[in-house]
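# for reference, the sequence and a predicted model appear below.
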Amino acid sequence: MNDNLASSAADLLARVDRVAVVTGAGVSAESGVPTFRGQDGLWRRYRAETLATPEAFERDPKLVWEWYDWRRGLIAPVEPNPGHQVLAVWQDLFAGFSLITQNVDGLHAKAGSRDVVELHGNIWKLRCTREGTVSEVRESPLPQLPPVCPSCGAFLRPHVVWFGESLDPAVLERAFRLSESCQAMLVIGTSSVVQPAASLPFAAARAGAKIVEINPEPTPLTPHTDVFLAGRSGEILPALDRLLRETR
Ligand code: OAD
């Protein structure tokens, strides 16, 4: 990490009251959750269209569920890392703080973050394909695949957003509202290629917010940021937290 850039980011954060954060799979990488597009990314090993689309579920719900049940099993024993922990602490450090995530792993909440805006849903939640009711089922592995709705007997599906599906309009509207009303936005551990999440920093910048990005690799967002901190969020966020406390 470049010390001057980290100081610039800390100075920038010390001057603002309202901060919004957008996270992606990279923030959970140091906890051991696989990312999607990296070297060992899930989309390198599996074809999204056979596992994460409504058509795939229509065609073979058991196969889709086996994949999600496997991912639930990977995530179940995993603990939040120092990056998640700093973000949980920061919700009480700033007058206004919001956390918007593309992750479905629930690790921000496990670290203590409240009221996380989950753009792509949550892998621990199941939704009835007939009634639309959502329930939280932590059991892993699930005893029956596909699981069925206890009230109507229809298949339950993972309460996550699949390719070709729209995000929940209320969740998306809230994410844009929070982005457009923050003074600084941190974009952490996302390849910034999946829409509409990738548009949030641009909406924030248009509304006057400063943009800080944390990622070991540059992304399509990087040229548009005010500060780019190259490195891992589990290391950079604790360092930024120390600098911020010295500055504030
Ligand atoms: P990606 O897998 O596309 O990108 C992960 C990003 O994290 C990359 O830019 C990495 O360089 C970065 N990264 C890796 N290790 C890191 C670390 N220790 N600290 C910080 N950054 C690190 O994941 P997302 O951008 O989250 O959607 O993917 C967006 C969406 O695409 C996902 O929510 C998922 C996927 O298809 C759905 O399933 C709907």
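In hand now; what should we look at?
# show me what contacts Gly73?
Going by C-beta atoms under 8 Å, 6 or more residues apart in numbering, Gly73 touches Ser140, Pro141. Just so you know, the C-beta spots here come from the backbone N, C-alpha and C atoms, and that holds for glycine as well.
# for burial, what's the neighbour tally of Pro223?
The number of residues packed around Pro223, counting by other C-beta atoms under 10 Å, is 8.
# any residues touching the worst-scoring helix or strand of the chain on mean pLDDT, and which ones?
None of the helices or strands of the chain scores lower by mean pLDDT, DSSP states H and E than helix 42-45, at a mean of 83. Applying C-beta under 8 Å, 6+ apart, the contact partners of helix 42-45 are Pro34, Thr35, Phe36, Arg37, Gly38.
# give me the distance between the closest residue in space to the first one that isn't next to it in sequence and the ligand.
Okay, so that is Pro34. Leaving aside its sequence neighbours, Pro34 sits nearest to Leu42 (C-beta to C-beta, 6 or more residues apart in numbering; 5.3 Å). Separation of Leu42 from the ligand (C-beta to the nearest ligand atom, to the nearest Å): 8 Å.
# tell me how many other residues surround Leu42.
Neighbour tally, Leu42, other C-beta under 10 Å: 18.
# can you check Val64 too?
Val64: 24 surrounding residues under other C-beta under 10 Å.
# and the pLDDT at it?
Val64 is assigned a pLDDT of 95 by the prediction.
# that one in helix, strand or coil?
Secondary structure assignment for Val64 (DSSP: H, G, I helix; E, B strand; the rest coil): helix.
# nearest residue to it other than its sequence neighbours?
Spatial nearest neighbour of Val64, excluding adjacent residues (C-beta to C-beta, 6+ apart): Phe57 at 4.8 Å.
# can I assume that neighbour sits in a helix?
Yes: per three-state DSSP, Phe57 lies within a helix segment.
# ok, it - contacts?
Val64, Arg157, Trp162.
# now the second one: how far from Leu87?
In this structure, Arg157 lies at 29 Å from Leu87, with C-beta to C-beta, to the nearest Å as the measure.
# repeat for the last one
Distance of Trp162 to Leu87, computed by C-beta to C-beta: 26 Å.
# can you check the pLDDT for the residue nearest to Val64?
97.
# same list, the contacts of Phe57, but as CSV with distance to the ligand please.
Formatted as CSV, the contacts of Phe57 follow (distance: C-beta to the nearest ligand atom, whole Å):
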residue, distance to the ligand
Val64, 12
Arg157, 13
Trp162, 7
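# export the lengthiest strand in the chain as CSV, just CAs?
Criterion DSSP state E: the longest strand present in the chain is strand 121-128. Only the C-alpha atoms of strand 121-128 are listed here, as CSV (Å, rounded to 0.1, in the frame of the first residue of the first chain):
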residue,chain,number,x,y,z
GLY,A,121,-29.8,-11.2,-2.1
ASN,A,122,-28.6,-13.6,0.5
ILE,A,123,-27.6,-17.2,0.1
TRP,A,124,-29.0,-18.1,3.6
LYS,A,125,-32.4,-17.0,2.5
LEU,A,126,-34.9,-19.2,0.5
ARG,A,127,-37.8,-18.0,-1.5
CYS,A,128,-41.0,-19.9,-2.4
